[in-house]
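*Asks:* Make a model of this:
(one chain, ligands or ions: 3)
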Amino acid sequence: MTGLFAYESSDLDWCEDNYRHSEHIVEYFNTMSSLFFFVISPIMLYLLHPYARERNLAVHLVWIMMIFVGLFSAYFHMTLSFMGQMLDELSILWVLGLCYGLWFPRRLFPSFIKDRTTFSRLVMMITVVTTLCSFVKPTANAYLLNCFALHIIYSLGLEMRICTDPKVLRLCWSAVGLWVLAISCWISDRFGCSFWQKLNFCYLHGIWHILIVMAVAYASTLIAYLDANYEIPYSLPSLQYWPNDNWVLGLPYIVLKGTTKTQKIF
Ligand SMILES: CCCCCCCC/C=C\CCCCCCCC(=O)N[C@@H](CO)[C@H](O)/C=C/CCCCCCCCCCCCC
Ligand SMILES: [Ca+2]
Ligand SMILES: [Zn+2]
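*Replies:* Ligands and ions are numbered 1, 2, ... in the order given. Model prediction:
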């Protein structure tokens with residue numbers, strides 16, 4: 001049992017040199033860049049509060065769980081232990097499950113499912129089964145998780161076909177662009193390590209951490225915005241960026257111009 005927690009007991013080892021900057025932290029830069037989750041998550045929790053209050057307070061669980069993803073990611077890179085790997089990957093799986101349950105568009109539900117509660121229960125069952133299966137071949141987990149991004153982009157494409165709002169389109173392309181940059185770093189670190197070692201630049205996985213958090217902030221806000229238009233249209237949602245609307249890489253959030261009260265007046 002203690003072997004599961006042992007340093008370097010995971011089959012995964014990223015390109016960054018082990019123990020280069022500290023004798024206690026296996027991959028220093030990868031560990032430190034995981035702390036970026038702690039910076040973005042509280043800000044997103046704050047920015048999404050008006051939408052969560054109107055729609056469903058469970059929305060807050062997404063960014064609360066992202067704090068745990070950051071924590072487990074830091075623990076994994078600090079130790080490269082098997083337990084760290086599983087905590088890192090399973091926390092990502094459960095955030096994905098939560099996002100699907102909350103936000104997957106009703107229009108795209110399989111025909112035999114009539115309401116979101118049934119859909120969320122099905123997602124929960126699939127997440128539990130996938131959690132158990134993840135112990136069968138742990139080295140395959142990360143690849144499987146990355147496939148979810150493809151499904152999210154495909155579903156977004158279906159939703160965006162009829163969209164002409166430039167602000168929404170900008171958010172969508174920014175999310176996809178950030179993800180393309182992120183996944184390029186992840187793949188390059190995984191499969192091009194000898195090349196990057198020759199250049200003495202082995203930090204691509206750490207850069208992936210930073211880019212994927214930004215991609216998730218952009219994609220989740222876009223999906224929440226589409227959801228708000230569909231599920232709480234009286235709230236008149238619109239998109240803005242923090243701290244400034246004109247910043248190239250501000251954090252997107254949803255502003256509600258109407259509330260339940262104004263709905264009752266109409
Ligand atoms: C209707 C669904 C809406 C979904 C919205 C987005 C949901 C985000 C869900 C999960 C957060 C992912 C956080 C990534 C943490 C990375 C930690 C990490 O680096 N782990 C690695 C090991 O250290 C591990 O190898 C990585 C495994 C792959 C993770 C793949 C995550 C998929 C993220 C999907 C992002 C969607 C972006 C879509 C852009 C248009
Ligand atoms: Ca390494
Ligand atoms: Zn990582």
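
*Asks:* need the residues of the protein near ligand 2, please.
*Replies:* D13, W14, E16, N18 (Cβ under 5 Å from the ion). Yep, even glycine has a C-beta here, placed from its N, CA and C like the rest.

*Asks:* For the stretch 151-266 of the chain, give me the ranges with low pLDDT.
*Replies:* Counting by pLDDT under 70, the stretch 151-266 of the chain shows low-confidence ranges at 260-266.

*Asks:* How are the strands of it distributed by residue range?
*Replies:* Using DSSP state E, counting those that start in this stretch, the strands found in the stretch 151-266 of the chain span residues 237-242, 251-256.

*Asks:* Need the contact partners of the helix or strand in which V123 is found.
*Replies:* Assessed by DSSP states H and E, V123 sits inside helix 116-133. The contact list for helix 116-133 (Cβ atoms under 8 Å, 6 or more residues apart in numbering) reads L90, L93, W94, L96, G97, Y100, G101, L102, F104, R106, F109, I113.

*Asks:* Taking the stretch 101-250 of the chain, what residue is nearest to ligand 2?
*Replies:* Nearest to ligand 2 in the stretch 101-250 of the chain, going by Cβ to the ion, is C202, at a distance of 7.7 Å.

*Asks:* Which two among the contacts of helix 116-133 are spaced furthest apart?
*Replies:* L90 and R106 (27.5 Å; Cβ to Cβ).

*Asks:* For the two, indicate the residue with more neighbours.
*Replies:* It is L90, of L90 and R106, that has more neighbours when counted by other Cβ atoms under 10 Å, with 19 against 13.

*Asks:* measure the more buried one to ligand 1 for me?
*Replies:* Distance from L90 to ligand 1, counting by Cβ to the nearest ligand atom, to the nearest Å: 11 Å.

*Asks:* hmm, back to that, hang on, isn't the residue of the stretch 101-250 of the chain closest to ligand 2 packed against D17?
*Replies:* Yes - with contact defined as Cβ atoms under 8 Å, C202 counts as touching D17 (6.2 Å).

*Asks:* Looking at these two, which has the bigger crowd around it?
*Replies:* Neighbour count, other Cβ under 10 Å: between C202 and D17, C202 has more, with 19 against 14.

*Asks:* so where do the helices sit in the stretch 1-150 of the chain?
*Replies:* For the stretch 1-150 of the chain, applying DSSP state H, counting those that start in this stretch gives helices covering 28-34, 36-47, 49-55, 60-79, 82-103, 116-133, 141-160.

*Asks:* Quick check: buried residues in the second one?
*Replies:* The neighbour-count criterion (16 or more other Cβ atoms under 10 Å) identifies F36, F37, I40, S41, M44, L45, L47 as the buried residues of helix 36-47.
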